[in-house]
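>>> Below are the sequence and a predicted model for it; my questions follow.
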Amino acid sequence: MSLVDAAWQRSAVRAPVRQHAPPVATALMAMVVLLIAWQVAARWGLVKHGYLPAPSAVAAAGLAMIRDGELWENAQLSLLEFAVGLALSIGIGIPLGLLMGWFRTVREVFEPLVMVLNAMPRIALIPVIVVWLGIGATSKIAVVLIGAVIPLVVNGMAGVRDADGTLVRLARSFCASDLQLFLKILLPGAVPSLLVGLRLAIGHAVIGVVLAEMYASVRGMGYLLQTYGTNYEAAQLFFLVIVVSVVGYLATACVQAVESRVQAWRQP
Amino acid sequence: MTGIAGRLSSARPMTLGALPFVALVVAWELLARAHVLNRVLVSSPSLIAAAFLKQLHNGTIQRDLTASAIEFVIGFGLSVVVGIVVGVAMGWYRPFSYALAPPLWLSYNAPFFALSPLLVVLLGLGTPTVVTIVFLITVVPIVANAAVGVRNVDRTLVRAARSFGATDLQIFRKVALPASIPYLMAGLRLGVGRALIGVIAGEFFGGKAGLGYSISYFAGTLQTDNMMVSVVITAVIGVILTQGANRLERWLDAWRGWS
């Protein structure tokens, strides 16, 4: 989590606060106004109390879940499934994508399959995976993998194919070997596209792990969401929804921070 | 080998691309026939084909497609209308954009599906709940892309149009809209993908008919042949909708050219 915190502070808090104070102030003010309006509406019974809990009730429910360890115990498992699934996706997706960009034959063999998987809602495979692999952590990792690997493959391929032809010819003229060409020209050129792929992959991984746990599991954030939801404990449910949203946002923001660094480095 | 490949060079990509599908189907069928794979759990291509014909005959497929299509069209349609209006407003009025940005970024990864029990109580099981979930997850990328598109409109063009006495509506129609179409279309393309996810996942938890409902129902009752029929149809629908969005994007690009 320290890495997340560090990148978050660098990218979103420190630099922009100094440069664009008004946007942050406007955003904070809007948030405060929204929260107050929500609290007042819930207090005065303008909305049915059970379905839209007041912010104070959400905060109280959240504190209780943090204090008795219920949140961390379940978040741990979900984070582990998310991390293993994403690591496998990176290990498989990036090499496959780069190979598909580099070798025509590999591309021609795998492109239609990748395109079908890219176009379909891959979460439709969750029940299939649960039937095949059971309700444990393995099926969640498989769901994350199938969700996150495809954007990495697609963007890895696009990154190599969109390489600057002049640079490739230049390297060839200076007798660069295939390996040198790949390491010095194609791989660095594909980095921005791969980062976009990683950002999309994280989004699919978050949705995948939560949905798969909601669908069938006995632990994890999705399990908690499903349990509190079906018991109509709205305060706990809203708190968990916010926690997942924030974690997903932080993971995405990390990649975005790296993306802007790479952009700055490429265009000095 | 090279001679044949050379002569059939135009057919080559098609043939090679079909390889994984053919290999998958043949291996799956053979392994299931040889009882290496448990046919109850993994089904087999021939069993899936038989289940497909049966479902086509008794109308399950037609009923599922109708239910899912209605949810998709209403949910996606609402997202497009609301998303473009809010996104254009965010692009045009900076303070509005600053105020809405944080909730928008949080919504990108929000597990709105988890709200389905509450939505079912408030709105009822089936179409209303699924449409709400589709709307919530689809509207986000459409808003974000419309806002970026309008913000990136060339200010010189806007000032030029104003100097020649263009009204706000004319500026929107003649300058802002054509200039932001690539962004709007990118938003719509992302939206199609997310709306499909919303329909399927929404039906898992809050549906009473449709492709996602059938996948979940057949999985729960271990009717794997029927489950795979719904999965394959979902994949085909996904390909058709994505291709459609790509076609629309090219067509609008052409319109932008002579508008």
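Here it is on my side, so go on. Everything quoted here is computed from the prediction, not taken from an experiment.
>>> In chain A, what residue lies closest to chain B?
Nearest to chain B in chain A, going by Cβ to the nearest Cβ, is residue A:248, at a distance of 2.5 Å. C-beta: built from backbone N, CA, C; applies to glycine.
>>> tell me which element that residue falls in.
Using DSSP states H and E, residue A:248 maps to helix A:234-266.
>>> Could you pull up the mean pLDDT of that helix?
In this model, helix A:234-266 has a mean pLDDT of 91.
>>> Show me which positions of that helix end up buried.
A:234-245, A:247-259 (16 or more other Cβ atoms under 10 Å in any protein chain shown).
>>> Please apply the same query to stretch B:100-113.
Within stretch B:100-113, the residues that qualify as buried by neighbour count (16+ other Cβ under 10 Å) are B:100-102, B:104-113.
>>> For the stretch 51-200 of chain B, which residues are neighbours of chain A?
Neighbours of chain A within the stretch 51-200 of chain B, by Cβ under 8 Å from any Cβ of the partner chain: B:94-95, B:98-103, B:105-118, B:121-122, B:193, B:196-197, B:199-200.
>>> Strands along the stretch 101-250 of chain B, start to end?
Applying DSSP state E, counting those that start in this stretch to the stretch 101-250 of chain B gives no strands.
>>> how about the residue of the stretch 1-150 of chain B found nearest chain A, what does it touch?
Nearest residue of the stretch 1-150 of chain B to chain A: residue B:109, at 2.5 Å (Cβ to the nearest Cβ). Contacts for residue B:109 (Cβ atoms under 8 Å, 6 or more residues apart in numbering or on different chains) come out as A:203, A:206-207, A:244-245, A:247-249, A:251-252.
>>> now do 10 Å
Residue B:109 makes contacts with A:202-207, A:210, A:244-252, B:137, B:140, as judged by Cβ atoms under 10 Å, 6 or more residues apart in numbering or on different chains.
>>> just residue B:188 next, same as before
By Cβ under 10 Å, 6+ apart, the neighbours of residue B:188 are B:76, B:79-80, B:83-84, B:138, B:141-142, B:145-146, B:195, B:245, B:248-249, B:252.
>>> could you say which helix or strand contains the closest residue to residue A:237 other than its chain neighbours?
Of all residues not flanking residue A:237 in the chain, residue A:228 sits nearest, at 4.5 Å (Cβ to Cβ, 6 or more residues apart in numbering or on different chains). If you go by DSSP H and E, residue A:228 is part of helix A:221-230.
>>> Quick check: buried residues in that helix?
Neighbour-count burial for helix A:221-230 flags A:221-229 (criterion: 16+ other Cβ under 10 Å).
>>> Mind putting these into JSON lines with pLDDT?
Compiled in JSON lines, the buried residues of helix A:221-230 are given as follows (pLDDT from 0 to 100):
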{"residue": "A:221", "pLDDT": "96"}
{"residue": "A:222", "pLDDT": "95"}
{"residue": "A:223", "pLDDT": "95"}
{"residue": "A:224", "pLDDT": "95"}
{"residue": "A:225", "pLDDT": "95"}
{"residue": "A:226", "pLDDT": "94"}
{"residue": "A:227", "pLDDT": "94"}
{"residue": "A:228", "pLDDT": "94"}
{"residue": "A:229", "pLDDT": "92"}
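>>> Relative to residue B:208, which of these is nearest.
Closest approach between those and residue B:208, by Cβ to Cβ: residue A:229, at 17.4 Å.
>>> For that closest one, which non-adjacent residue is closest in space?
residue B:117 (4.0 Å).
>>> so who does that neighbour touch?
Counting by Cβ under 10 Å, 6+ apart, residue B:117 touches A:225-226, A:228-234, A:237, B:129, B:205-206.
>>> Farthest-apart pair in those residues, please.
Taking Cβ to Cβ, no two of the contacts of residue B:117 sit farther apart than A:233 and B:129, at 18.6 Å.
>>> So for these two, which residue has more residues nearby?
A direct count of neighbours by other Cβ atoms under 10 Å in any protein chain shown for residue A:233 and residue B:129 places residue B:129 higher, at 26 against 17.
>>> Going by neighbour count, which residues of whichever strand or helix holds residue A:129 are buried?
Using DSSP H and E, the element containing residue A:129 is helix A:126-133. Buried residues in helix A:126-133, counted by 16+ other Cβ under 10 Å: A:126-133.
>>> Past that helix, which element shows up next along the chain?
helix A:137-161.
>>> For that next one, which helices and strands make contact with it?
helix A:70-102, helix A:104-119, helix A:126-133, helix A:187-215 (3 or more Cβ pairs under 10 Å, 6 or more residues apart in numbering or on different chains; DSSP states H and E).
>>> Between helix A:187-215 and the third one, find me the angle.
So that's helix A:126-133. Put simply, helix A:126-133 runs at 80 degrees to helix A:187-215, going by axes from the mean of the first three to the mean of the last three Cα atoms, to 10 degrees.
>>> check whether helix A:126-133 contacts chain B.
Yes - contact of helix A:126-133 with chain B (Cβ under 10 Å from any Cβ of the partner chain) involves A:126-133.
>>> Can you check what angle separates that helix from helix A:137-161?
On the basis of the same axes, to 10 degrees, helix A:126-133 is oriented at 120 degrees to helix A:137-161.
>>> send the alpha carbons of helix A:126-133 over as PDB?
Below are the C-alpha coordinates for helix A:126-133, written out as PDB (Å, rounded to 0.1, in the frame of the first residue of the first chain):
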ATOM      1  CA  ILE A 126     -17.900 -16.400 -14.400                       C
ATOM      2  CA  PRO A 127     -20.600 -19.100 -13.900                       C
ATOM      3  CA  VAL A 128     -18.700 -21.300 -16.300                       C
ATOM      4  CA  ILE A 129     -15.400 -20.900 -14.400                       C
ATOM      5  CA  VAL A 130     -17.200 -21.500 -11.100                       C
ATOM      6  CA  VAL A 131     -18.700 -24.700 -12.400                       C
ATOM      7  CA  TRP A 132     -15.200 -25.800 -13.700                       C
ATOM      8  CA  LEU A 133     -12.900 -24.600 -10.900                       C
END
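>>> which residues touch the residue positioned nearest the centre of chain A?
When Cα atoms, centre = their mean is applied to chain A, the residue found nearest the centroid is residue A:202 (2.2 Å). Residue A:202 makes contact with A:82, A:86, A:89, A:148, A:151, A:248, A:251-252, A:254-255, B:109 under the criterion Cβ under 10 Å, 6+ apart.
>>> Output the below-cut-off pLDDT ranges for the chain.
If you meant another chain, say so; for now it's chain A. When residues are selected by pLDDT under 70, those of chain A lie in A:1-22, A:46-50, A:267-268.
>>> that answer is for a different chain, and I need it for chain B
B:1-13, B:257-259.
>>> can you tell me which helix in it is longest?
helix B:224-258 (DSSP state H).
>>> what is the orientation angle of it with helix A:126-133?
Using the same axes, to 10 degrees: helix B:224-258 against helix A:126-133 is 140 degrees.
>>> Distance from helix B:224-258 to the middle of the chain?
Helix B:224-258 sits 8 Å away from the centroid of its parent chain (Cα atoms, centre = their mean, to the nearest Å).
>>> repeat for stretch A:221-238
With Cα atoms, centre = their mean, you get 22 Å for stretch A:221-238.
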